[in-house]
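Engineer: 3D, please:
(chains A, B, C and D)
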Protein chains: 2
Amino acid sequence: MSLCAEKPTPGPEEYSISELAREFDITTRTIRFYEDQGLLSPSRRGQKRVYQKADRTRLKLVLRGKRLGFPLTDIRRMIQLYDEPGGEAKQLDLMLSQITNSRSTLLQQQLDIELQLKEFDDIEARCKARLAQLRSPQNT
Amino acid sequence: MSLCAEKPTPGPEEYSISELAREFDITTRTIRFYEDQGLLSPSRRGQKRVYQKADRTRLKLVLRGKRLGFPLTDIRRMIQLYDEPGGEAKQLDLMLSQITNSRSTLLQQQLDIELQLKEFDDIEARCKARLAQLRSPQNT
DNA sequence: TAGCAGGTTTACGTTAACGTCAACTGGAAG
DNA sequence: CTTCCAGTTGACGTTAACGTAAACCTGCTA
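Structural biologist: Residues are numbered from 1 along each chain as shown, chains lettered A, B, ... in the order given. This next block holds a predicted model:
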């Protein structure tokens, strides 16, 4: 440990690339790749990447998008919506229609999930019934 | 049209590969690829594939899995659960644990979707507010 | 001063999920 | 018989999303 000078920017909390990687259980390669794709844009101290809280939040959004199966290009457009609304009315209209689009995809996914969950319940019940039958007394 | 002999198997309804392709808006290549991956196994009349209702249902399951972002290997395991429960207790236990697994993924996705939808509502509201402001009277 | 941990760029490799020919087949229509 | 159409099997091409390896910098610490 060096003498003092420990917190040059004590404010908004910062992260190194490997800290983020550990936290979200991904590789640094992945994080750099996301930056390449325009999903992240951390500041730099010297040549090293420094991630602020906002960057961390963006990364979380990316990973959420991934869990939902979206390709990175879609995810990029989605998280750009979080940035400051362009200003131009045209731009705002575009954003609104993109939101409408993404929303309908998400709603479809909700339906799909509900159906799938119900069917799993069904299958599970039959499995358990079959298991109970296997252990039932009449097979001695 | 040939003379009669139109319905050799009038029973369970059959589909050609291109019929299914049209219905679900995918290519025949995709359907054959899914078969290659063990997701479908249609019967054959001569060398041509003939799809029964059960095959159609399986295809629907596959596409639902795709909409949820699952890789084909996961989808395969998932739809195998719809087949007859193996019989062996060990096999049934395995099925149950697989269901538990998949279910937790789906539940996570539900959470992700709800969050995302809420954030979209939020962004949308701010967009609309900004738009209203742009058209407001004070800029004449 | 040497070395090491953590970071950087560059570049090629890999896997999944198809797309895109090419060459062949079997039946119906003209 | 030829022609056409829907279907079939290879085989190679492509894109997304990283993995992996090489070569370099850099700020401590021993």
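
Engineer: helices or strands up against the top helix by length along chain A?
Structural biologist: Criterion DSSP state H: the longest helix present in chain A is helix A:89-134. If you count contacts as 3 or more C-beta pairs under 8 Å, 6 or more residues apart in numbering or on different chains; DSSP states H and E, helix A:89-134 packs onto helix A:72-80, helix B:53-67, helix B:89-134. Any C-beta I mention is one placed from the backbone N, CA and C, and that applies to glycine too.

Engineer: low pLDDT regions in chain A?
Structural biologist: Under the criterion pLDDT under 70, the flagged ranges of chain A are A:1-12, A:137-140.

Engineer: can you pull the residues of it lying near DNA strand C?
Structural biologist: Contact residues (C-beta under 7 Å from any atom of the strand) of chain A with DNA strand C: A:16-19, A:28, A:32, A:44, A:47-49.

Engineer: closest one of the residues you listed to DNA strand D?
Structural biologist: Of all those, DNA strand D sits closest to residue A:47, with 6.5 Å by C-beta to the nearest atom of the strand.

Engineer: still on that earlier bit, as JSON lines, the helices and strands packed on helix A:89-134 with distance to residue B:24 and mean neighbour count would be great.
Structural biologist: Listed next are the helices and strands packed on helix A:89-134 as JSON lines, based on distance: least, C-beta to C-beta, whole Å; neighbours: other C-beta atoms under 10 Å in any protein chain shown:
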{"stretch": "helix A:72-80", "distance to residue B:24": "21", "mean neighbour count": "17"}
{"stretch": "helix B:53-67", "distance to residue B:24": "6", "mean neighbour count": "18"}
{"stretch": "helix B:89-134", "distance to residue B:24": "22", "mean neighbour count": "15"}
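
Engineer: identify those among the residues of chain A next to DNA strand C that sit within helices.
Structural biologist: Per DSSP H, these map to helices at A:17-19, A:28, A:32.

Engineer: pull the most distant pair out of the residues you listed.
Structural biologist: Maximum pairwise distance in these, criterion C-beta to C-beta, is 14.2 Å, between A:19 and A:32.

Engineer: who's more crowded, those two?
Structural biologist: residue A:32 (15 against 12; other C-beta atoms under 10 Å in any protein chain shown).

Engineer: surely that one touches residue A:20?
Structural biologist: No: using C-beta atoms under 8 Å, residue A:32 is not in contact with residue A:20, being 10.9 Å away.

Engineer: contact residues of chain A facing DNA strand D?
Structural biologist: Within chain A, the positions adjacent to DNA strand D are A:1-2, A:27, A:29-30, A:33, A:37, A:46-47, A:66, A:71-73 by C-beta under 7 Å from any atom of the strand.

Engineer: just the buried ones from those residues?
Structural biologist: The neighbour count (16 or more other C-beta atoms under 10 Å in any protein chain shown) marks A:30, A:66, A:72 as buried among these.

Engineer: mind checking the end-to-end distance for stretch A:17-36?
Structural biologist: Terminal residues of stretch A:17-36 lie 14 Å apart, using C-alpha to C-alpha, to the nearest Å.

Engineer: ok, is that stretch in contact with chain B or not?
Structural biologist: No: shown here: stretch A:17-36 not in contact with chain B (C-beta under 8 Å from any C-beta of the partner chain), separated by at least 14.1 Å.

Engineer: and that stretch, how far out from the chain's middle?
Structural biologist: Centroid displacement of stretch A:17-36 relative to its chain, using C-alpha atoms, centre = their mean, to the nearest Å, is 13 Å.

Engineer: is it true that residue A:51 lies in a helix?
Structural biologist: No: under DSSP: H, G, I helix; E, B strand; the rest coil, residue A:51 sits outside any helix and is assigned strand.

Engineer: which residues sit in contact with it?
Structural biologist: Residue A:51 is in contact with A:14-17, A:19-20, A:40, A:42, A:59, counting by C-beta atoms under 8 Å, 6 or more residues apart in numbering or on different chains.

Engineer: JSON lines for those residues, including distance to residue A:126?
Structural biologist: Converted to JSON lines, the contacts of residue A:51 look like this (distance: C-beta to C-beta, whole Å):
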{"residue": "A:14", "distance to residue A:126": "53"}
{"residue": "A:15", "distance to residue A:126": "48"}
{"residue": "A:16", "distance to residue A:126": "51"}
{"residue": "A:17", "distance to residue A:126": "48"}
{"residue": "A:19", "distance to residue A:126": "47"}
{"residue": "A:20", "distance to residue A:126": "44"}
{"residue": "A:40", "distance to residue A:126": "46"}
{"residue": "A:42", "distance to residue A:126": "51"}
{"residue": "A:59", "distance to residue A:126": "41"}
